[in-house]
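Peer 1: I'll drop the sequence and a predicted model, then ask my questions.
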Amino acid sequence: MAEKQILDKLSIYIPQKKMEEHPVERLIKLSNKKDCSTNYLVVEAIIEYLKREERKA
């Protein structure tokens with residue numbers, strides 16, 4: 001069996017129902033306000049989510 005590789009890139013699919021909340025536009029607005037990239041905000045959100053969920057496990 002082939003060994004799994006860890007990738008350093010990630011793309012996400014935003015479901016139609018969640019698009020009503022305008023997540024991309026909100027991320028862009030917040031990243032401009034905080035003077036950082038949208039990618040940075042997404043990675044920070046993922047890390048916070050993982051920490052929270054891992055504490056529950």
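Peer 2: Received, thanks.
Peer 1: if I look at the residue positioned nearest the centre of the chain, how far off is A2?
Peer 2: Geometric centre of the chain, nearest residue: V42, 3.2 Å, by CA atoms, centre = their mean. Distance of V42 to A2, given as CB to CB, to the nearest Å: 29 Å. Placement of C-beta: from N, CA and C, glycine included.
Peer 1: shaky segments in this structure?
Peer 2: 1, 6-7 (pLDDT under 70).
Peer 1: what segments of it are helices?
Peer 2: Remark: helices assigned in the chain by DSSP state H are 16-19, 23-34, 38-56.
Peer 1: which residues does the closest residue in space to the residue nearest to the centre of the chain that isn't next to it in sequence contact?
Peer 2: Nearest residue to V42 in three dimensions, chain neighbours excluded: L27, at 6.9 Å (CB to CB, 6 or more residues apart in numbering). Neighbour list for L27: T38, L41, V42 [criterion: CB atoms under 8 Å, 6 or more residues apart in numbering].
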